[in-house]
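1. Let's see this in three dimensions:
(one chain, ligands or ions: 1)
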Amino acid sequence: MARLTFYGATDGVTGSCYLLQTNQSTIVLECGLVQGNSEEEARNTEEFPFNIQQIDAVVLSHAHLDHSGRLPKLVAEGYKSPVYMTFPSSELLEILYKDAASLQERDTEWENKKRRRAGKKDIVPLFTMTDVEVALTLFDGIPYGKRQQITDDIEICFRDAGHILGSAIVEIFVNEEGTEKKFVFSGDLGNSCAALLRDPESIENADILLMESTYGDRDHRPLDETLNEFEKIITEAAESGGNVLIPSFAVGRTQEIIFYLGKLYQKGKLKQQAVYLDSPMAIAATEVYHRFQNVFSEEDRASLRQSKSGSLHTFLPNLRYSRTTDESIALNRIESGAIIIAGSGMCNGGRIRHHLKHNLWKRNAHVVFVGYQAVGTPGRVLVDGVKNFRLLGEDIAVKASIHTLGGFSAHASQSQLLSWINNFKKPRPRLFLVHGEGNAKEVLKNKLSQQGWTAKIPGYAESIDF
Ligand SMILES: [Zn+2]
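-> Modelled structure (predicted):
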């Protein structure tokens, strides 16, 4: 008998973690960070709800930290066995973990200075760069489609989830006394309209299915409308002469935007002199995308072949990398004709803040938001139409045009989730919905029941036997 316990992503979309125990082995599927307000994030410092010494393997579906960000903490607490993922995920995770460790070390140092002055005890970071270095030595990459034995009675196989580079749907085969049970975790399923990546692979059978439900209650705005609007903004900005700022997340959205700008360039519609990617992390992630173009969708690879070498680099030949601080500061002197992509995506850190300071007060500048802006972030304040903005210790008048392009998404919409799940043949798997807010899961559960599916919504620490 095998037992699956839900230790995360049951009350929301983050902190993914599942424990699978069989007669002979114990594996952890996903080891994600809880992301949200400070009260919710305090849960990351809690002890793991299982005995780390008994874990034989960890399996990660993709590099987003809400699925993988607590692994270095697991390692810091003594985990020494393999961690399985796809090859692109392992490269992206190295970038993301190192960034997270240096931020945490810096923030902890800052906090401890204050605490010492207040006569309080020091706190420790969730994990350090040393923990990350050890975690990286445990990584074991597996190609898509290869069935691999990971313990005496468990095999896994990664299928393309099309969500970010390297993202996978995880098939887990449990062999006990001559019978095989198949367990499928959807991971985060990609938006089949999104650029560069393939559509989520269809799976036809399973005994148990865990499916994400982030967009279980809605469909996306059609991507064509969003892209037309994007083109219009870029053209207007070229005519009015101002710079275009695009706050963007380093992994995924940035590379999509580069691809769409490349498409405009190839059509002769990109009049700006240069596109600056001003983020060391986004540059590193773009290089990983460049190295793994073999997993892009056939359609987008055909588009890339319109350019000289058929690569992401030559598709947008006026793309410039700003790696150093000096190169970033030099961009402040550009009055017009530049497109600057910089992090962070919600403007609560990173180099974008400096570019906002130098451009927001100019009437001909444009700021284009291409991702979700959470309540309370500077990005959200700008999207909500504030006229004066406090930034880096200065008051800035907002005269630039602020645009919100709501149609980009790395997640499958409700219709896409339904179409993916209906690839499963009868007998249908036992279905559990995870990774969604309460309403999204309820709406999806009802939709599924209209189509003959019975979905369960598990609670935290609930177990199922199979
Ligand atoms: Zn994700």
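2. just checking, F183 is part of a strand?
-> Yes - per DSSP: H, G, I helix; E, B strand; the rest coil, F183 lies within a strand segment.
3. Report the beta-bridge partner residues of it.
-> On the basis of DSSP bridges, F183 is bridged to I172, I208.
4. do D160 as well
-> Under the criterion used (DSSP bridges), D160 bridges to A168.
5. For the ion, what's the nearest residue on the stretch 151-300 of the chain?
-> Nearest to the ion in the stretch 151-300 of the chain, going by C-beta to the ion, is D188, at a distance of 3.7 Å. For glycine as for every other residue, the C-beta is placed from the backbone atoms N, C-alpha and C.
6. swap in the stretch 301-450 of the chain?
-> In the stretch 301-450 of the chain, the residue that lies nearest the ion is A410 (6.7 Å; C-beta to the ion).
7. pretty sure that residue belongs to a strand, no?
-> No - under three-state DSSP, A410 falls outside any strand and is assigned coil.
8. what number of residues lie near it?
-> Residues near A410, counting by other C-beta atoms under 10 Å, number 22.
9. Run a quick check on it versus C193, I expect a contact.
-> No - if you go by C-beta atoms under 8 Å, A410 and C193 don't touch, sitting 10.6 Å apart.
10. secondary structure element for the residue lying closest to V251 once chain neighbours are set aside?
-> With C-beta to C-beta, 6 or more residues apart in numbering as the criterion, V251 has its nearest non-adjacent residue at 4.6 Å, and that residue is A285. Assigned by DSSP states H and E, A285 belongs to helix 280-291.
11. got a list of contacts for the next helix or strand after that helix?
-> Once helix 280-291 ends, the next helix or strand along the chain (criterion: DSSP H and E) is helix 298-304. Applying C-beta atoms under 8 Å, 6 or more residues apart in numbering, the contact partners of helix 298-304 are 195-196, 198, 259, 262-263, 266, 293, 296, 310-312, 315.
12. tell me which residues of helix 298-304 are tucked away?
-> 300, 303-304 (16 or more other C-beta atoms under 10 Å).
13. now swap in stretch 195-209 and tell me
-> Applying 16+ other C-beta under 10 Å to stretch 195-209 flags 195-201, 203, 206-209 as buried.
14. which parts of this protein sit against the ion?
-> 64, 188 (C-beta under 5 Å from the ion).
15. go with 8 Å
-> By C-beta under 8 Å from the ion, the part of the chain that sits against the ion consists of 62, 64, 66-67, 163-164, 167, 187-188, 410-411.
16. So how do I select the buried members of those residues in PyMOL?
-> Selection of the buried residues among those in PyMOL, burial being defined by 16+ other C-beta under 10 Å:
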select buried, resi 62+64+66+67+163+164+167+187+188+410+411
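17. Can you name the residues that contact whichever residue of the stretch 1-150 of the chain sits closest to the ion?
-> At 3.5 Å from the ion, H64 is the closest residue in the stretch 1-150 of the chain, using C-beta to the ion. Counting by C-beta under 8 Å, 6+ apart, H64 touches 32, 164, 188, 251.
18. which SSE is the last one in?
-> So that's V251. Here V251 is assigned to no helix or strand, by DSSP H and E.
19. quick one on the thing from earlier: need the residues of the chain next to the ion in a markdown table (columns: secondary structure, distance to Q373 and pLDDT).
-> Formatted as a markdown table, the residues of the chain next to the ion follow (DSSP: H, G, I helix; E, B strand; the rest coil; distance: C-beta to C-beta, whole Å; pLDDT from 0 to 100):
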| residue | secondary structure | distance to Q373 | pLDDT |
| --- | --- | --- | --- |
| H62 | coil | 23 | 98 |
| H64 | coil | 18 | 95 |
| D66 | helix | 17 | 93 |
| H67 | helix | 22 | 96 |
| H163 | coil | 20 | 97 |
| I164 | coil | 19 | 97 |
| S167 | coil | 23 | 98 |
| G187 | coil | 25 | 97 |
| D188 | coil | 20 | 97 |
| A410 | coil | 15 | 95 |
| H411 | coil | 16 | 95 |
